[in-house]
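[1] next comes the sequence, and after it the predicted model I'd like to discuss.
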Amino acid sequence: MNYFVRRPWDLSQKHITEESIFHNKQERRDFLKSIGVIAGAGLSASLLGCQKATLEEIDAAGEVEEGKKNYPFDRNDKFEYGRAETARRDAVEFTNFYEFSTSKEVYQYVDQFEPTPWKFSVEGLCRNPMTFDLDDLYGQFTLEERAYRHRCVETWAMCVPWTGFPMSDLLAKVDPLPAAKYVQMETFSNADQAPTQKYDEYPWPYSESITIEEAMNPLALMTTGIYGKPLPKQHGAPVRLVIPWKYGFKSIKSIVRIKLTDKQPTTFWNSLNPNEYGFQANVEPEVPHPRWSQATEWMLGTRERFNTIKYNGYGDYVASLY
Ligand SMILES: Nc1nc2c(c(=O)[nH]1)N[C@H]1C(S)=C(S)[C@@H](COP(=O)(O)O)O[C@H]1N2
Ligand SMILES: [Mo]
């Protein structure tokens with residue numbers, strides 16, 4: 001029999017007024033000056049916001065060479081967006097990475113960041129703690145490309161092809177002890193390379209955590225690439241997590257440490273504002289953020305509006321966890 005199955009993300013679309021993204025060039029210049037970027041780093045006029053940066057300039061600002069020879073990896077067709085793929089330019093020029101900037105034009109602030117060589121450790125409640133460098137990741141794991149939807153708590157969304165491998169494969173290597181209940185993850189800490197880390201109103205380093213059951217879910221992806229290339233700096237080079245059924249802030253970038261623990265760890269956004277950024281942070285359209293509704297979302301680039309879908313449309317994989 002051949003009939004149309006309505007997938008959870010095939011919902012009726014509403015086109016609502018565009019979100020306006022605030023660009024204040026003077027403010028940005030003042031900030032760059034205050035952190036000494038204008039004088040030292042030799043950014044081009046367009047990267048300083050005098051004119052729109054070209055894709056070539058954005059690519060040059062974020063590019064990471066190491067690992068490139070391995071790409072691209074085969075796409076796993078099990079995963080579909082159910083929507084149009086976000087144009088690469090729209091994703092690469094609009095990112096959240098607070099270590100570098102509280103603006104979305106993170107690519108303008110990453111020139112001091114050196115993501116290679118890189119090492120990260122997996123430690124804590126496991127029988128076989130290990131340290132991995134990038135060659136280990138490309139050599140020891142089976143990487144693939146996956147088309148995932150991404151939903152930020154701020155209501156923007158995108159559809160992008162990530163490259164990576166299941167976090168469960170990583171955890172299998174370290175052999176977790178039965179007492180391990182949570183996976184705690186930390187981003188690098190280096191104020192010389194990441195300007196915002198000079199500001200101590202944030203609880204650096206950025207940290208996140210999920211339960212071990214969530215980490216073992218096949219959707220949880222240790223991610224090294226996007227659009228068939230290594231992650232550019234602003235997307236969280238050289239290795240990040242992607243958890244597509246949760247708000248984007250759980251998908252921690254540029255990971256240096258993963259620790260298995262028996263107690264729920266403190267996490268970056270949750271400790272700053274627990275009312276606005278819950279620990280669990282599953283995508284739930286019916287649960288408003290205290291300052292805005294979560295009922296709809298808008299796509300980077302096209303600004304198309306969609307209704308938000310529970311678990312970002314990944315209920316088949318994760319609903320049984322909750
Ligand atoms: N270390 C770190 N990881 C982070 C963030 C951050 O500021 N620092 N921002 C998060 C947020 S809010 C989102 S929406 C996603 C965005 O991923 P992208 O910028 O690659 O699209 O990264 C998440 N990971
Ligand atoms: Mo986000």
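    Noted; the coordinates are in hand. Numbers count the residues shown, from 1 in each chain. Ligands and ions are numbered 1, 2, ... in the order given.
[2] how about the one helix or strand A60 maps to, does it reach ligand 1?
    Element membership for A60 (DSSP states H and E) is helix 55-62. No: Helix 55-62 does not reach ligand 1 (CB under 6 Å from any ligand atom); its nearest approach is 10.5 Å. (Glycine included, C-beta is placed from N, CA and C.)
[3] report the contact partners of the closest residue to ligand 1 within the stretch 51-200 of the chain.
    Ranked by CB to the nearest ligand atom, the top residue of the stretch 51-200 of the chain for proximity to ligand 1 is T95, at 3.1 Å. Counting by CB atoms under 8 Å, 6 or more residues apart in numbering, T95 makes contact with 104, 106-107, 234-235.
[4] could these be laid out in CSV, adding neighbour count and distance to P161?
    Below are the contacts of T95 laid out as CSV (neighbours: other CB atoms under 10 Å; distance: CB to CB, whole Å):
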residue, neighbour count, distance to P161
K104, 19, 21
V106, 26, 20
Y107, 26, 19
Q234, 27, 17
H235, 24, 12
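[5] among those residues, which ones lie close to ligand 1?
    Okay, of the contacts of T95 touching ligand 1 (CB under 6 Å from any ligand atom), that's H235.
[6] got the domain boundaries for the protein?
    Per the record, the chain has its domains at 15-51, 66-321, by automatic domain parsing.
[7] weakest of those by average pLDDT?
    Note on these: lowest mean pLDDT is at domain 15-51, with a mean of 47.
[8] quick check: residues of the stretch 151-300 of the chain near ligand 2?
    For the stretch 151-300 of the chain, the contact set with ligand 2 under CB under 5 Å from the ion comprises 152, 248-249.
[9] near ligand 1 too, which of these?
    Near ligand 1, by the rule CB under 6 Å from any ligand atom, you find 152, 248-249 out of these.
[10] which strands and helices lie in contact with the strand ranked longest in the chain?
    The single longest strand within the chain, with elements called by DSSP state E, is strand 156-166. The elements that strand 156-166 packs onto, with contact taken as 3 or more CB pairs under 8 Å, 6 or more residues apart in numbering; DSSP states H and E, are helix 88-92, strand 144-151, strand 221-226, strand 296-299.
[11] one more time with 10 Å, if that's ok
    helix 88-92, helix 134-140, strand 144-151, strand 221-226, strand 240-242, strand 296-299 (3 or more CB pairs under 10 Å, 6 or more residues apart in numbering; DSSP states H and E).
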